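# Model the structure of this input:
(chains A, B and C)
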Amino acid sequence: MKSNSAYTEPILDWYEKNARDLPWRAPDATPWGILVSEIMLQQTPVSRVLPVWRAWMNRWPTPAALAAEPSGEAVRAWGRLGYPRRALRLHETARAITERHRGEVPSSHADLLALPGIGAYTAAAVASFAFGQRHAVLDTNVRRVLARLISGEEYPPRSQTKAEVKRAESLLPLDPPTAARWAVAVMELGALVCTARTPRCVDCPVFATCAWQLAGRPAYDGPPRRGQTYAGTDRQCRGRLLAVLRDADGPVEKAALDVVWSDALQRERALDALIADGLVDPLEDGRYALPT
DNA sequence: AAGTCGTGGCT
DNA sequence: TAGCCAAGACT
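Predicted coordinates:
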């Protein structure tokens, strides 16, 4: 097997020995199971995804099974994973797969990209992990690993650049199955060793050739990286309101929503937004429910 | 194209 | 303790 960089073989070897045993990586994992895992894992830690993924796959083992249910059931089963619009889009995707692709998860990057809730990363990830294709799979882990290994910087730029994509493509092994293994391997290295906060460089298989190491691990000096305060935001309010509906057996009175958020103006705004998003259904009798 | 969109664990 | 961060997508 040909390697096209000094990083390829050490990282592939490291992955063979250190990969986590995740159910969506099992030999019997289906493209649908892999797709579901990728949606759930967007901005969400593995540990929180695991139980929800298992229950989800047990209940809806195929796209057609999910497509046959009301979207509200997907929202309810989503539980507290966060960003519940993902559940809605996953439900839409199940219906699109059922209608447009005969119930089979499409294998082409373009077809995947056309599905709701699936962007460049997820399309590449599913094409790579489920179908063994050769794609640059550029997520937050990979971006950070490459920034350190090659650019010698602690963190990548705020938003993804074309240069990063080119670089990721140039590192891809030529053989598709190997490229697919490389993709998970780099991601896993970022998740387990080359972590954001306190990297475990002593365990790194490419420590000796890491540009960031060689530069003396200079601290990040770019613009502030984030600032997502949460307490008191519309997002928190939306979360509270939706939790009431998730935990209820059926439609709820307006009063049941009112008690979970004191600021009436913000509460109405958040409720309207949830309705506009299709996450909440206002009934004619004045009550509210998850969508049908 | 910068803002918005949940939630909880970790340091 | 209070940020920081986690396999992004969409507008």
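# give the contact list for the residue in chain A positioned nearest to DNA strand C.
Residue nearest to DNA strand C within chain A (CB to the nearest atom of the strand): residue A:119, separated by 2.6 Å. All C-beta spots, glycine's among them, are computed from the backbone N, C-alpha and C. Neighbouring residues of residue A:119 by CB atoms under 8 Å, 6 or more residues apart in numbering: residue A:113.
# and it, backbone torsions?
phi -110, psi -160 (degrees, to the nearest 10).
# and the gap between it and residue A:67?
Residue A:119 is 21 Å from residue A:67, where distance means CB to CB, to the nearest Å.
# for residue A:108, same thing?
20 Å.
# So the two - more neighbours on which side?
Counted by other CB atoms under 10 Å, residue A:108 and residue A:67 do not tie: residue A:67 has more neighbours, with 20 against 12.
# The more buried one reaches residue A:90, doesn't it?
No - between residue A:67 and residue A:90 there is no contact under CB atoms under 8 Å: 10.5 Å.
# Quickly find the element holding the residue in the stretch 151-292 of chain A positioned nearest to DNA strand B.
Closest residue of the stretch 151-292 of chain A to DNA strand B, CB to the nearest atom of the strand: residue A:239 (1.5 Å). If you go by DSSP states H and E, residue A:239 is part of helix A:234-247.
# Now do the buried residues in that helix.
By neighbour count on 16 or more other CB atoms under 10 Å, the buried set for helix A:234-247 is A:235, A:237-239, A:241-242, A:244-246.
# okay if I get those as a markdown table plus pLDDT and distance to residue A:206?
Shown next, in a markdown table, are these (pLDDT from 0 to 100; distance: CB to CB, whole Å):
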| residue | pLDDT | distance to residue A:206 |
| --- | --- | --- |
| A:235 | 96 | 38 |
| A:237 | 97 | 45 |
| A:238 | 98 | 42 |
| A:239 | 98 | 40 |
| A:241 | 98 | 47 |
| A:242 | 98 | 43 |
| A:244 | 98 | 49 |
| A:245 | 98 | 48 |
| A:246 | 98 | 44 |
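# give me the number of residues near the residue in the stretch 51-200 of chain A that DNA strand B sits nearest to?
Here the stretch 51-200 of chain A gets closest to DNA strand B at one residue, residue A:82, 2.0 Å apart by CB to the nearest atom of the strand. A count of nearby residues for residue A:82, using other CB under 10 Å, gives 14.
# Alongside DNA strand B, which residues does chain A contribute?
A:43-45, A:47-48, A:80-85, A:159, A:197-198, A:228, A:230, A:233-236, A:238-240, A:242-243, A:273 (CB under 7 Å from any atom of the strand).
# can you list the domains in chain A?
A:1-19+A:136-225, A:30-129, A:234-289 (automatic domain parsing).
# Out of those, which is the most enclosed?
domain A:30-129 (a mean of 19; mean count of other CB atoms under 10 Å).
# End to end on that domain, go ahead and measure it.
10 Å (CA to CA, to the nearest Å).
# And the residue nearest in space to the middle of chain A, what's its pLDDT?
With distances taken as CA atoms, centre = their mean, residue A:42 lies nearest the centre of chain A, 1.7 Å away. Listed pLDDT for residue A:42 reads 98.
# okay but it is in contact with residue A:81, surely?
No - applying CB under 8 Å as the test, residue A:42 and residue A:81 come out as separate, 9.5 Å apart.
# ok, back up a step: do I have it right that the residue of the stretch 51-200 of chain A closest to DNA strand B meets residue A:43?
Yes - Residue A:82 lies in contact with residue A:43 (CB under 8 Å); the separation is 7.2 Å.
# Isn't residue A:134 up against residue A:176?
Yes - under the criterion of CB under 8 Å, residue A:134 makes contact with residue A:176 at 4.2 Å.
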